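Colleague: Need a 3D model of the sequence below.
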Amino acid sequence: QVQLVESGGGLVQAGGSLRLSCAASGRTLSRYHMGWFRQAPGKERDFVAAISWRGDRTAYADSVKGRFTISRDNAKNTVYLQMNSLKPEDTAVYYCAAGLTFSVADRPNVYDFWGQGTQVTVSS
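Modeller: Model prediction:
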């Protein structure tokens, strides 16, 4: 089992930045691909970004390309999501997830473990 805990969410004004962290325990993350998803009230859980277990491949949703950056530190068992130029439409609960399949990293059902989420609210 892998336990994932997200942190770093909060309230920020439009144009601001936040850095989310996802810390793992129970098992090393070094062999897992990692993803970030988000879910706004009344909406489905949407893909945001993913990174391969080595960190050599990344993928982003079109809506966040050029603004968000996913990274990982396997020595610290932690994955990050740097979010810049935030917009009100980025408001959501953000979840990290761990899985073994990168080729379809934008699909929630390929991930085996999920965190509880952290709220990000962007005010206009």
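
Colleague: Which parts of the protein are strands?
Modeller: According to DSSP state E, the chain carries its strands in the segments 3-7, 10-13, 18-25, 33-39, 45-51, 58-60, 68-73, 78-83, 92-99, 111-114, 118-123.

Colleague: Can you list the strands that the shortest one pairs with?
Modeller: Which is strand 58-60. strand 45-51 (antiparallel) (DSSP bridges).

Colleague: Apart from its chain neighbours, what residue comes closest to the residue nearest the centre of the chain?
Modeller: For the chain, W36 is the residue whose C-alpha lies nearest the centre (CA atoms, centre = their mean; 2.3 Å). Leaving aside its sequence neighbours, W36 sits nearest to V48 (CB to CB, 6 or more residues apart in numbering; 4.3 Å). The way it works is simple: take the backbone N, C-alpha and C, and place the C-beta from them, glycine included.

Colleague: With W114 instead?
Modeller: A97 is the one closest to W114 (CB to CB, 6+ apart), at 4.9 Å.

Colleague: State the distance from D106 to Y60.
Modeller: Distance, D106 to Y60, using CB to CB, to the nearest Å: 9 Å.

Colleague: Which one of these two is surrounded by more residues?
Modeller: Set D106 next to Y60 and count neighbours by other CB atoms under 10 Å: Y60 wins out with 19 against 16.

Colleague: Who are the contact partners of the more buried one?
Modeller: Shown in contact with Y60 (CB atoms under 8 Å, 6 or more residues apart in numbering): V48, A49, F68, I70.

Colleague: Tell me the spacing between it and L4.
Modeller: According to CB to CB, Y60 and L4 sit 20 Å apart.
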